[in-house]
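**Q** Just a sequence and a predicted model for now, questions to come.
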Amino acid sequence: MPGLLLIAAPVLIAALFATWYLKVRVSPRRDAPPMVPYIIPWIGSSINMATDPDAFFANATAKHGNIVGVQAVGTYRYFVTHPTLAKQVHKMSKQFVFTPYRLHLSMKVFGMKKSTIEETGFFEDSFFETLHRLMAPNEISKNLVPTYAKYAAQEVAAYVPPPTPVTARDLLYKMLFRASAYAFFGGNFDADSCIDDFIAFDKALPLIMLDVPWPLTIPGQQAHEAIMKHMRNYVEKTNASGGDYVEYMTNHAREYHVEHEIPALCLTLLWALEANAPLAAYWAVVLSLVHKNGLAPLVTEIDTARAAWESTNPGLSVAKNPDYFVAQANLPLLLATIQETLRYATSSFSIRRVMEPTTFAGYNFHVGEELVINGRSSQTDDEYYPDPEAFEPSRFLHAGSTTLPTGKEKLINTTAYTAPFGGGVSMCEGRHFAQTELKIFIVLLLTQLDISLAPGAKPEDAAMDSTRIGLGVIHPKRDVMLIVKRRSE
Ligand code: HEM
């Protein structure tokens, strides 16, 4: 009998393994896109994906095609890696929808109550629509951009460079963080006291988003609680009436009787506002500094445009009216630098849930499944961007088209192949503001401060932490030390 068991047990295990392999590992369904094979259940491809995400998606596409199933940390999703298919998914906004996932994040990440989401209609009938309207270009130009410009101008004018090197994060990230937080939440918002807790919360976010076992959720919960304390203090002190944007939101919350959610709503806004744009400012300056030409061409472009603009606009100055200046001046290199920063340093996922049975690209998708458009796949594809690993703003100065040997016209180096802000009806609503705030901030910085790498700082210091994927601007692996002086005006 024990002998029989000795033979039967391995056979049983092998049979179970083979069933799992055939059922799950090869493909969850016959009519579904092929799947990237993996060995360890639940963990799936997450280790490979986090080790070198660009290589992982490039290999997966080469081996399995432009839509691939990926199992990672208990979640199974279909990744779309080709820009043409991505655009089609974005257009199919009835079948492939972001809102259910956005609502899920509101609960899981920002701590909203299930009842608020499911029973009040607050988000779908009011909050999303209002935010969408308020972030449109004509709306932001009325008040948000001028208010932000005022605070950014104050930040840069008041900056006293220390005699010793500063970290790029302290200089770039924190200044932009404060200016945009004051623009949204009002000048009384205590940005300085919450900045470190915000960074900790943002860092813990990937962990908070995952369905990990209980002990692993503790750091995320702690980070969430720490930042929520700031939000509650802010609401208590100011009644959340500091800035127009927050005031609009809170008035709506009161109408829907969900006042108790105002601190969590403030956190939602703060995260959207600060999770990406300050890091984009960080990368635009740091990557330009380590580029072979340094910041000099950008400084020259802005100085030349400034001289011309100030002479035709007597009484105005770039230092005080940076928003007028960026709206009117011709600054192609600045624009190209921002575009290249977003191409080079973002990893954005557009997550869309399948709302009705849909056949797409020859595959069938079932209700509840999720498609993820990985914008970075095209951003790092050498077919669209020669030498994609190089940070080269001038590539966007020479965007255009070329004729292929087949006689076909092909777009090269255009923003058509970047998706830092996602796409379709749920494309980032803050994109107009984000790009404007970056332009204003960089103009203010470079016209008033002389920024260089500290002695000993190396290009390798500008390395990205590529393990954090899908959440927008990639975090730096380590900080870069800078020498800052005020420019003689
Ligand atoms: C460089 C800066 C930014 C980047 C890279 C970025 C990136 C993104 C991405 C990738 C999405 C998902 C889009 C999709 O699923 O297709 C998104 C959504 C969103 N972003 Fe941004 N974002 C930035 C700045 C901002 C700012 C400053 C705000 C303003 C508060 C903002 C507000 C939003 C909102 C409200 C959504 C949800 C849109 C919807 O569901 O319709 N973002 N962002």
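**A** Sure thing, it's come through.

**Q** what about A58, which helix or strand?
**A** In this assignment (DSSP states H and E), A58 forms part of helix 53-64.

**Q** for the record, mean pLDDT for the following helix or strand past that helix?
**A** Moving toward the C-terminus from helix 53-64, the next helix or strand (DSSP H and E) is strand 67-72. The average pLDDT within strand 67-72 is 96.

**Q** Quick one: neighbours of F433, just the number.
**A** 25 (other C-beta atoms under 10 Å). Every residue, glycine included, has its C-beta placed from N, CA and C.

**Q** need the contact list for the nearest residue to it once chain neighbours are set aside.
**A** Among residues not flanking F433 along the chain, I140 sits closest, at 5.1 Å (C-beta to C-beta, 6 or more residues apart in numbering). For I140, the contact set (C-beta atoms under 8 Å, 6 or more residues apart in numbering) comprises 134, 432-433, 436.

**Q** In helices only, show me the residues you listed.
**A** Using DSSP state H, the subset of the contacts of I140 located in helices is 134, 432-433, 436.

**Q** Looking at those, which one is closest to L445?
**A** The nearest member of those to L445, counting by C-beta to C-beta, is T436 at 14.9 Å.

**Q** And that closest one, how far from E460?
**A** Separation of T436 from E460 (C-beta to C-beta, to the nearest Å): 32 Å.

**Q** Now do the same for V109: its pLDDT.
**A** pLDDT, V109: 94.

**Q** That one: how many residues sit nearby?
**A** Neighbourhood size, V109 [other C-beta under 10 Å]: 19.

**Q** same check, this time on R376
**A** So R376, with other C-beta under 10 Å, has 26 neighbours.

**Q** wait, isn't it in contact with D54?
**A** Yes: contact criterion C-beta atoms under 8 Å: R376 and D54 qualify, at 6.7 Å.

**Q** from what I can see F365 touches P357, true?
**A** Yes: F365 sits in contact with P357 when judged by C-beta under 8 Å, with a separation of 7.2 Å.

**Q** more neighbours, those two?
**A** F365 (26 against 11).

**Q** coming back round to it: separation between the residue nearest to F433 and D244?
**A** 11 Å.

**Q** Please apply the same query to A281.
**A** Taken as C-beta to C-beta, the span from A281 to D244 is 23 Å.

**Q** For these two, work out which one has more neighbours and name it.
**A** Counted by other C-beta under 10 Å, A281 and D244 do not tie: A281 has more neighbours, with 27 against 16.

**Q** quick one, which of T436 and E460 is more surrounded?
**A** Neighbours per residue (other C-beta under 10 Å) separate T436 from E460, with T436 holding more: 22 against 10.

**Q** who are the neighbours in contact with the more buried one?
**A** So T436 contacts 140, 145, 148, 323, 326 (C-beta under 8 Å, 6+ apart).

**Q** list the buried ones in the host helix or strand of D196?
**A** Using DSSP H and E, D196 sits within helix 191-209. Neighbour-count burial for helix 191-209 flags 191, 194-195, 197-202, 204-209 (criterion: 16 or more other C-beta atoms under 10 Å).

**Q** helices or strands up against whatever helix or strand comes next after it?
**A** Beyond helix 191-209 on the C-terminal side, the first helix or strand identified by DSSP H and E is helix 214-238. Here helix 214-238 touches helix 191-209, helix 262-274, going by 3 or more C-beta pairs under 8 Å, 6 or more residues apart in numbering; DSSP states H and E.

**Q** Give me the buried stretch members for helix 214-238, please.
**A** Applying 16+ other C-beta under 10 Å to helix 214-238 flags 217, 220, 223-224, 226-228, 230-231, 234-235, 238 as buried.

**Q** Tell me which residues are up against the next helix or strand after it.
**A** Using DSSP H and E, the helix or strand that follows helix 214-238 towards the C-terminus is helix 244-255. Here helix 244-255 makes contact (C-beta under 8 Å, 6+ apart) with 122, 126-127, 130-131, 134, 143-144, 147, 184-186, 239-241, 259, 261-262, 265-266, 269.

**Q** Of those residues, keep whichever come out buried.
**A** 122, 126-127, 131, 134, 144, 147, 184-186, 240, 261-262, 265-266, 269.

**Q** that older thread, the ligand: which of the contacts of I140 is nearest?
**A** Nearest to the ligand out of these is F433 (C-beta to the nearest ligand atom; 5.1 Å).

**Q** so how far is stretch 75-89 off the chain centroid?
**A** Mean C-alpha position of stretch 75-89 versus that of the full chain (C-alpha atoms, centre = their mean, to the nearest Å) differs by 18 Å.

**Q** Check the average confidence over it, would you?
**A** 96.

**Q** Please measure how far the first residue of it sits from its last one.
**A** Criterion C-alpha to C-alpha, to the nearest Å; first-to-last residue distance in stretch 75-89 is 20 Å.

**Q** May I see the buried residues of it?
**A** So stretch 75-89, judged by 16+ other C-beta under 10 Å, has buried residues 77-83, 85-87, 89.

**Q** Residues in a beta bridge with G400, which ones?
**A** Beta bridges link G400 to I412, judged by DSSP bridges.

**Q** Throw the helices and strands packed on helix 214-238 into TSV and include mean pLDDT and distance to the ligand, thanks.
**A** Listed next are these as TSV, based on pLDDT from 0 to 100; distance: least, C-beta to the nearest ligand atom, whole Å:
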stretch	mean pLDDT	distance to the ligand
helix 191-209	94	13
helix 262-274	95	4
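
**Q** in what helix or strand does K439 lie?
**A** For K439, the host element (DSSP H and E) is helix 431-448.

**Q** Which strands or helices does whichever helix or strand comes after that helix pack on?
**A** The element immediately downstream of helix 431-448 (helix or strand, assigned by DSSP H and E) is strand 449-453. For strand 449-453, the helices and strands in contact under the criterion 3+ C-beta pairs under 8 Å, 6+ apart are helix 277-290, strand 481-486.

**Q** avg pLDDT for strand 449-453?
**A** 98.

**Q** Distance from the chain centre to that strand, please.
**A** Centroid displacement of strand 449-453 relative to its chain, using C-alpha atoms, centre = their mean, is 26 Å.

**Q** Now do stretch 286-299: distance to the chain's middle.
**A** Computed by C-alpha atoms, centre = their mean, the separation of stretch 286-299 from the middle of its chain amounts to 23 Å.

**Q** Dump it to PDB, keeping only the CA atoms.
**A** Output of stretch 286-299 as PDB, limited to C-alpha atoms (Å, rounded to 0.1, in the frame of the first residue of the first chain):
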ATOM      1  CA  VAL A 286      17.800  66.600 -14.900                       C
ATOM      2  CA  LEU A 287      17.700  64.900 -18.300                       C
ATOM      3  CA  SER A 288      18.600  68.100 -20.100                       C
ATOM      4  CA  LEU A 289      21.500  68.600 -17.700                       C
ATOM      5  CA  VAL A 290      23.000  65.200 -18.400                       C
ATOM      6  CA  HIS A 291      22.400  65.600 -22.200                       C
ATOM      7  CA  LYS A 292      25.600  66.500 -24.100                       C
ATOM      8  CA  ASN A 293      24.400  70.000 -24.800                       C
ATOM      9  CA  GLY A 294      23.200  70.600 -21.200                       C
ATOM     10  CA  LEU A 295      20.600  73.300 -20.500                       C
ATOM     11  CA  ALA A 296      22.300  75.900 -22.600                       C
ATOM     12  CA  PRO A 297      20.200  75.700 -25.800                       C
ATOM     13  CA  LEU A 298      17.000  75.900 -23.700                       C
ATOM     14  CA  VAL A 299      18.300  78.900 -21.800                       C
END
